[in-house]
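Engineer: what's the 3D shape of this:
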Amino acid sequence: PPAAEGFTRKTSNYIFRHKLPLSGDDDASENVEIAYRGIKPPEVTKRGISRGNYAQLHRKAWLEVIDKDHRYGKNLRTYYKYWEKMGHPTNMFFDWLDSKGETDGKELPNLPECPREVLDSDRVLYTIDSEQQQSRYLLKIVPCVPLSQTSSSLVFPASPSVWKNEYCADKPSMTDNGNKHWNSFKLIDRNGKPVITGMNGWIFVLRDHELYGAEKKTSISGASKHRFHHSSFFGGKAVAAAGIIITDANGCLTRLYPHSGHYRPGEAHMQRMLYHLHHCGVDLCSFLVDMQQIMHVSREIRDERTPKGGNCDIGANGPKVPKAKKTDSLHLKDGKYVALFLAHKARSIMKGLFRMIHKIRRVDPYCVRNILKSIDNGGVGKKKSILSLTMVARKGDR
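Structural biologist: Below you'll find the model as predicted:
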């Protein structure tokens, strides 16, 4: 497809030449005892890393992945905390939860805050290792062509103005600064129908350079017998990026949220998603991205009870005020802005800017001379000494 509008080749090369490092983003720590007693990181969560899928499942979801029935992770953690308070009876959590008690003639654990019936019935769908099943959720990014034109006769117009007038969506999208940008590409499902997500959006994962998406199911009521979360697409395997997409009535992308409780996508993962969209021809100026995690925007609800400059606790030992929903504290910027921001940060990391800042913060006593000496290993001082010696030598020659 033609290059996305608003990008020169130089700008495009700059944005995606500098990539953020992926080390330290994953939570699969070697110190597994901190997470769950006797439970190592599931091997399935590492599958796909060698192919560039670096976003691993967060440790909070390990119990859900390991459980043979894939019961909802939040409910399993409730029982795990109770098991910890009891002093780890039977020494193995799932033995205590499902079998050991029955063999000794005892009833299975049943907590009032999460009754046993709820625990056993509230499950998450995990797609088995089947390409046919996974292809159900495959999404494609295609040009917004007239309805009369078939996919077999696609011809990309050479002129951007022709592209905008004949091939774009009916209405331009509006960025947060009021600028209008036409969406030249749309999302379609495996049947070729436009993906219309509605206001709540669809969850998505990017894996092996392919985009997968579906409606999130957070309950088991009605016809839905299982929840459907980000971990459902590939059974907990590693992915390149995860989050939420929102499209308009034409299937064109309008918003992108890096929201996933299972994968906790970081800046590097979002940068790779933006690169994928740009590579597919999507104009990064035509949709908005939530930056609240990137910009470390607090979601704590502050009110008249909150002390100035303090946290949001009610009293010294009182309960903490719950955080606002992510969707209630959005920090939206257009995709090009976010891509440039991440590229600048990646370049600053590569040049050692943040390392120098951390050195400056540790300087004692805090003065310009010591700061310069700290960040360039005395280079400035050495240059001054050499310059002084040179001037003395020149005076001697005279």
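
Engineer: quick one, what contacts residue 123?
Structural biologist: Counting by Cβ atoms under 8 Å, 6 or more residues apart in numbering, residue 123 makes contact with 69, 70, 71, 72, 220, 225, 226, 227. No exception for glycine: its C-beta is placed from N, CA and C like everyone else's.

Engineer: what's the pLDDT at the first one?
Structural biologist: Looking back up the chat, that one is residue 69. The per-residue pLDDT reported for residue 69 equals 93.

Engineer: again with the fourth one
Structural biologist: Residue 72 is assigned 95 on the pLDDT scale.

Engineer: next: residue 29.
Structural biologist: 42.

Engineer: now swap in residue 353 and tell me
Structural biologist: Confidence score, pLDDT, at residue 353: 85.

Engineer: cool, residue 154 as well?
Structural biologist: The predicted local confidence for residue 154 comes out at a pLDDT of 38.

Engineer: what does the one 10 residues further on give?
Structural biologist: On pLDDT, residue 164 comes in at 39.

Engineer: cool, residue 34 as well?
Structural biologist: On the pLDDT scale, residue 34 is placed at 52.

Engineer: over to the one 3 residues further on?
Structural biologist: Residue 37 carries a pLDDT value of 81.

Engineer: again with residue 385
Structural biologist: The pLDDT attached to residue 385 in the predicted structure is 56.

Engineer: do the same with residue 389
Structural biologist: Model confidence at residue 389, expressed as pLDDT, equals 51.

Engineer: the strands in this protein, which residues?
Structural biologist: Shown for the chain, the strands assigned by DSSP state E span residues 138-143, 173-174, 180-181, 185-188, 202-207, 210-214, 241-247, 253-257, 288-290, 332-334.

Engineer: list the contacts for the nearest residue to residue 125 once chain neighbours are set aside?
Structural biologist: In this structure, residue 125 finds its nearest non-sequential neighbour in residue 226, 3.7 Å apart by Cβ to Cβ, 6 or more residues apart in numbering. When contacts are counted by Cβ under 8 Å, 6+ apart, residue 226 touches 123, 124, 125, 217, 220, 232.

Engineer: point to the residue nearest the middle of this protein.
Structural biologist: Nearest to the mean C-alpha position of the chain, by Cα atoms, centre = their mean, lies residue 265 at 2.2 Å.

Engineer: quick one: that residue and residue 224, what's the gap?
Structural biologist: For residue 265, the distance to residue 224 equals 25 Å [Cβ to Cβ, to the nearest Å].

Engineer: do residue 344 as well
Structural biologist: Taken as Cβ to Cβ, the spacing of residue 344 relative to residue 224 amounts to 43 Å.

Engineer: so where's this structure uncertain?
Structural biologist: In the prediction, the chain carries residues with pLDDT under 70 at positions 1-11, 13-14, 23-35, 100-105, 129-130, 145-182, 222-223, 301-322, 376-398.

Engineer: the helices in it, which residues?
Structural biologist: For the chain, applying DSSP state H gives helices covering 9-17, 62-66, 73-85, 93-98, 100-103, 116-121, 131-134, 160-167, 267-279, 335-351, 353-361, 368-375, 379-397.

Engineer: highest mean neighbour count out of the ones you listed?
Structural biologist: When neighbours are counted by mean count of other Cβ atoms under 10 Å, the highest per-stretch mean among these falls to helix 62-66, a mean of 23.

Engineer: tell me which strands and helices it is in contact with?
Structural biologist: Here helix 62-66 is seen to pack against helix 73-85 when contacts are counted using 3 or more Cβ pairs under 8 Å, 6 or more residues apart in numbering; DSSP states H and E.

Engineer: can you turn the buried part of the contacts of residue 226 into a PyMOL selection?
Structural biologist: Under the burial definition 16 or more other Cβ atoms under 10 Å, those of those that qualify are selected in PyMOL by:
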select buried, resi 123+124+125+217+220+232
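
Engineer: sorry, back to before: got the strands of the chain as JSON lines, with distance to residue 360 columns?
Structural biologist: Formatted as JSON lines, the entries for the strands of the chain read as follows, by distance: least, Cβ to Cβ, whole Å:
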{"stretch": "strand 138-143", "distance to residue 360": "44"}
{"stretch": "strand 173-174", "distance to residue 360": "41"}
{"stretch": "strand 180-181", "distance to residue 360": "40"}
{"stretch": "strand 185-188", "distance to residue 360": "45"}
{"stretch": "strand 202-207", "distance to residue 360": "38"}
{"stretch": "strand 210-214", "distance to residue 360": "42"}
{"stretch": "strand 241-247", "distance to residue 360": "34"}
{"stretch": "strand 253-257", "distance to residue 360": "35"}
{"stretch": "strand 288-290", "distance to residue 360": "31"}
{"stretch": "strand 332-334", "distance to residue 360": "29"}
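
Engineer: relative to residue 41, which of these is closest?
Structural biologist: When the strands of the chain are compared by Cβ to Cβ, strand 241-247 sits nearest residue 41, at 17.9 Å.

Engineer: show me the contacts for the closest residue to residue 350 other than its chain neighbours.
Structural biologist: Spatial nearest neighbour of residue 350, excluding adjacent residues (Cβ to Cβ, 6+ apart): residue 18 at 6.5 Å. Contacts here follow Cβ under 8 Å, 6+ apart; on that basis residue 18 touches 343, 344, 346, 347, 350.
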